[in-house]
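Trainee: Quick one: sequence plus predicted model below, questions after.
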Amino acid sequence: MILLEDMQDKNVGGKFYKQKVLKENGFNVPEFVCLAKEKYDLVFSGIKELVESEIDMIDFSRSSSIAAASRNITGLFLAHEMSSELKCSIECQLAAFSEVNHFAIRSSMVAEDSSVSEDSQCHAFAGMSETFLYVDRATITSYIKRCWASGFSSEALIYRKQHDINLTAFSISVGIQRMVPAQRSFVMFTVDPSNYQDRTIIAAGYGLGEGIVQEKVEVDHFFIDNEDGGGVTSEVKNKRSRMVFDSNKRSGIVLQPLASEWDGQSPVLSEYEIKVLKRLGQRIENLFGCPQDIEGAFDDNGEIYILQSRPVNMEQQAVFWSNYNLTENYPGLSTPLTFSFSQKFYTALLTDAYVKLGATRSSLESKKHFIDNVLGYLGGGIYYNINNFMESHRDIFSALPFMKQQWERRIALPTSIYLKGARNGNFFSNSKIRLNLICNMFQFRRRNADFFRWWHTTRRSVDLNESPLTTIENFNVFYSQLRQHWGWTVTSGLSLVCLQHIATRLIDQYKLPVSTLNTLLGDSEDITSANVIKSSMALADEIRSDKELIEVFEAEDYEVWRRLNEETKYFGFLQKIQLHLDCFGARGLQELKLENPSYRFAPEKFIKNIKLLLASQQRSESDERDRQKAAIIQIYTGLPVMKRLLLQYVVDRLKGLITVREDTRYLRSEVFDYAKHVFYKLARDMQQDGALQDWSDVFYLAQDEVFGYFSNTALTQNNLALIDVRRQEFNAWDAQALESSFFTKDGEFISNKKSNSPLSGLGSSSGIARGRVKVVTDPQTVDSIPPDTILVARETDPGWLFLMINAKGMIVEKGSLLSHTAITGRKFGIPTVIGVDNCTQRLKDGQEVEINGSTGEIRVIMD
């Protein structure tokens, strides 16, 4: 027997070693001792040949063959006579538990290769090792032998076979622990295991935790955002049962109706208890350095016990896509040319930003794939690949942990996604990032002046008479310079986020209203966007003061533009419009979509803007500024001197960086406008060559295909056929069908919209599956199922594994997001919906159904 201080991963396995670590770090873990794996090895050596003989005869295509071998091997272990020396050792160690009448006996599989041991990062073996509760002293030795045999249970054999793990290369350690009389139990994941949303999930029910993991009792689910102040949403069931001590047998457990003193329709956990558990979960995750799957219980006094913690099995992560922050620039459908140019632009600006933050060449090379694929093109819409974006930003999030939450808010993510892998960068990398962002805060005016000085030296004109290769060469020269300067627009934005975070913390610390920051920023410096409006309003004011111009602007837009160009008396006003377009002509609706001409291409469209200003009421800007200044003075005068000076300093710099952001954002529009002129010119040349039927067909090509046509690097010269295919595909897309965010896994689209279907549950393993219903109440009566089967059950346990891995999808009445059904579904990539009330009665054999393992929706296709 091994006491707590002598327990190591190598002699007791990860399950019990983690319990030791938890206890040593102050967590409330019930007292326990362990029987080391060497005792199992000694027993197994005596029956090894017989066990291997049984395994050799297994037909893994038949569940009955697997079950028979498992029974025979179990019999070999039970027939073993435990030595008197070992019995004496067990009794001596249990003498320390003199006041304990009942124990929990648990087994743990331990392999030489730790990656295939129980509770490892890759293989949890969830529910496959035996656990026996409320075991009395007299029967402990017999249950130890059952634990030894559990390594050869049907489900363990199937699991190892499916994952190509040696069927005998493991040992079993056994834990003997004081039994906790659980009034309520919970299972908690510190990250959503179905799609890696960065939220804690708690499944809680009455009685012992076995009722939850075996899916015998009804459970409540609680979803808590992991960010500070994250909200809580609940899925509360009507609880009718609990798993408790079998008082009649005076040992073991039994399922009973919920006691009358408990209200089964109320949540199992209070809001306070949910917050306490979330904090416990975060502490345990921080202790072990990765997301955790935690089991625990509350006793009659409300004391919390932690019974187990293991890593969340990090399977292939679903990819999260979002366009929440992109739709203002790329609303609806965008053409292939717009996407390909935008993708290269994002690569350029992010790469230069990381260089400016001190990234090394090797660091950039290691995440080049992520940087190059921050944007995705799905169904004609442009989306952020949030997983790739986070990987690209990993060093920033490491240096400034608060930045991830701020970044998610900045790009308007509807949900937070867990960043898989190590979170802490090295000291020097973190220091360089922090130092660069701090320098931006103090030197942003000089750095921004340098940026604009470079910008004004660039050549961005296009001569329609020059050769195509000259146009491309000029563009490439400009773009090579852009790749060395545009990172400033990102790093200054990151410094802005830092200052905004500081200002928000100060306002909170000073106990000022949440709206205070918006008020203080109300009189920000002039920005390009405001100057665009001012210039347009000046034109509108001149029209209002001239009756002839008023009469001209009553005509249609094209007619207005024709008269301004043809009638000499309006040339002076026309020159003012041209000056406005020279300065601000890149600004307009959908200005980053290359297929959408800017006002420089279609100045008649600008006439519509002026008409809108003419029809609007004039507002007094000075009155508004006076009101804002009065409100700001009132805020500052109410603060002590030092607090006022500090807040003023931070806010003034924040205003300056906001101006930088807005001004450089307009320059981005100028970059895209230059690209519009380049591709317009090249498209005309291609049309003259017969490579395009119409110049506008260029929007169905990618940038490299356009440039490659002239440089002889294109993969095909048959652009007409390529364009025809893409045009048909583009016309088939529906802008209204574009979702703002969704997941994909293995290329499959997974909606994350909440289902309103009357037949629905909780999606626990993502994916969409369509097939025929097979309602199963007893898995032993079914030896095989067709490959298109949607398995429907009241609940499952590890014994269902053979059926599960052959099913196309699963629907289960009971269970939780953290139960065996859900874990198995995720492990084997089987779309799964759990918590579907009365599904075994509502669905019939042979019905064709479609299930969404992400949203929980179930759709009957055909009865």
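Mentor: The structure has been received and is ready for your questions.
Trainee: For residue 672, give me its contacts.
Mentor: Applying C-beta atoms under 8 Å, 6 or more residues apart in numbering to residue 672 gives the contacts 341, 345, 586, 591, 592, 594. Yep, even glycine has a C-beta here, placed from its N, CA and C like the rest.
Trainee: now that we have those, which one has the most neighbours?
Mentor: Highest neighbour count within the contacts of residue 672, by other C-beta atoms under 10 Å: residue 594, with 27 neighbours.
Trainee: Wait, it touches residue 677, no?
Mentor: No: if you go by C-beta atoms under 8 Å, residue 594 and residue 677 don't touch, sitting 10.2 Å apart.
Trainee: Report the beta-bridge partner residues of residue 222.
Mentor: Beta bridges link residue 222 to residue 202, residue 234, judged by DSSP bridges.
Trainee: Identify the residues contacting it.
Mentor: Counting by C-beta under 8 Å, 6+ apart, residue 222 touches 201, 202, 204, 232, 233, 234, 235, 267, 269, 274.
Trainee: any idea how far residue 389 is from the residue sitting nearest the centre point of the chain?
Mentor: Compute the mean C-alpha point of the chain, and by C-alpha atoms, centre = their mean the closest residue is residue 417, 2.7 Å away. From residue 417 over to residue 389 the distance is 10 Å, taken as C-beta to C-beta, to the nearest Å.
Trainee: Now for the two: what residues contact both?
Mentor: If you check residue 417 and residue 389 against C-beta under 8 Å, 6+ apart, no residue is contacted by both.
Trainee: Would you check how far apart residue 211 and residue 175 are?
Mentor: Residue 211 is 20 Å from residue 175, by C-beta to C-beta.
Trainee: one step back: show me what contacts the residue nearest to the centre of the chain?
Mentor: Per C-beta under 8 Å, 6+ apart, neighbours of residue 417: 196, 197, 198, 320, 386, 387, 390.
Trainee: next one: residue 730
Mentor: 333, 335, 336, 380, 700.
Trainee: Pull the contacting residues for the second one.
Mentor: The contact partners of residue 335, by C-beta under 8 Å, 6+ apart, come to 593, 594, 595, 699, 700, 730.
Trainee: Mind doing that once more with 10 Å?
Mentor: Residue 335 is in contact with 341, 377, 380, 593-596, 696, 698-702, 726-727, 730, counting by C-beta atoms under 10 Å, 6 or more residues apart in numbering.
Trainee: Just the buried ones among these, please.
Mentor: Those of these that meet the buried threshold are 341, 377, 380, 593-596, 698-702, 726, 730, by 16 or more other C-beta atoms under 10 Å.
Trainee: Need those residues in a markdown table (columns: distance to residue 789, secondary structure and pLDDT).
Mentor: Shown next, in a markdown table, are the buried ones among the contacts of residue 335 (distance: C-beta to C-beta, whole Å; DSSP: H, G, I helix; E, B strand; the rest coil; pLDDT from 0 to 100):
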| residue | distance to residue 789 | secondary structure | pLDDT |
| --- | --- | --- | --- |
| 341 | 47 | helix | 98 |
| 377 | 35 | strand | 96 |
| 380 | 35 | coil | 95 |
| 593 | 46 | coil | 94 |
| 594 | 48 | coil | 96 |
| 595 | 47 | coil | 96 |
| 596 | 49 | coil | 91 |
| 698 | 50 | helix | 98 |
| 699 | 46 | helix | 98 |
| 700 | 43 | helix | 98 |
| 701 | 45 | coil | 98 |
| 702 | 43 | coil | 97 |
| 726 | 39 | helix | 96 |
| 730 | 38 | helix | 96 |
